[in-house]
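> Need a 3D model of the following:
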Amino acid sequence: MGLTVTNKEKYTVITFDDEKLDSIVAPDLKAQFVLLSKEGVKNIIVDLEKAKYCDSSGLSALLVGNRGARDADGIFIISGLQPMVEKLIGISQLDKVLTITPTLSEAEDYMVMELLEKEI
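The predicted model follows:
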């Protein structure tokens, strides 16, 4: 599975490098979320710009990441959704649960703003 994990000062960016977020790669993504949680990472951005397909296993993995961040009082953002993935998230009504931004740059800006608000 193609994942790139980039640790920033106050958050971590996971760049998903495969075209399919499905039952074959979803367990690895879930494991990455668990590993980051054990390391104390609670603020995560997942960039899905390259993912053109997602199934229920992929959605489940994203929900694991979202729940882990929320339980740790952190922030979980998804960015770069392609049309088919965005449609599935919309049909599943997860767009009401997940924080989604159009681009990674916007996700990083959003993360910084949210972190500043938490400090106030």
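
> how deep is the nearest residue to residue 69 once chain neighbours are set aside tucked in, by neighbour count?
Counting by Cβ to Cβ, 6 or more residues apart in numbering, residue 76 is the residue found nearest to residue 69 once chain neighbours are left out, at 3.7 Å. C-betas here are computed from N, CA, C, even on glycine. A count of nearby residues for residue 76, using other Cβ atoms under 10 Å, gives 24.

> got the contact list for residue 76?
43, 44, 46, 65, 66, 68, 69, 70, 98, 99 (Cβ atoms under 8 Å, 6 or more residues apart in numbering).

> how near is it to residue 86?
17 Å (Cβ to Cβ, to the nearest Å).

> so where do the helices sit in this protein?
Here the chain has its helices, by DSSP state H, at 26-38, 56-71, 83-91, 104-119.

> List just the one of those helices that sits closest to residue 6.
Judged by Cβ to Cβ, the one of the helices of the chain that comes nearest to residue 6 is helix 104-119, at 10.3 Å.

> Pull out the CA atoms of stretch 80-88 and give them to me as PDB.
Listed next in PDB are the C-alpha coordinates belonging to stretch 80-88 (Å, rounded to 0.1, in the frame of the first residue of the first chain):
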ATOM      1  CA  GLY A  80      -8.700  16.100  -2.100                       C
ATOM      2  CA  LEU A  81     -11.700  13.900  -2.700                       C
ATOM      3  CA  GLN A  82     -12.200  12.700  -6.200                       C
ATOM      4  CA  PRO A  83     -15.700  12.700  -7.600                       C
ATOM      5  CA  MET A  84     -16.500   9.000  -7.000                       C
ATOM      6  CA  VAL A  85     -15.100   9.000  -3.500                       C
ATOM      7  CA  GLU A  86     -17.000  12.200  -2.700                       C
ATOM      8  CA  LYS A  87     -20.200  10.800  -4.000                       C
ATOM      9  CA  LEU A  88     -19.900   7.700  -1.800                       C
END
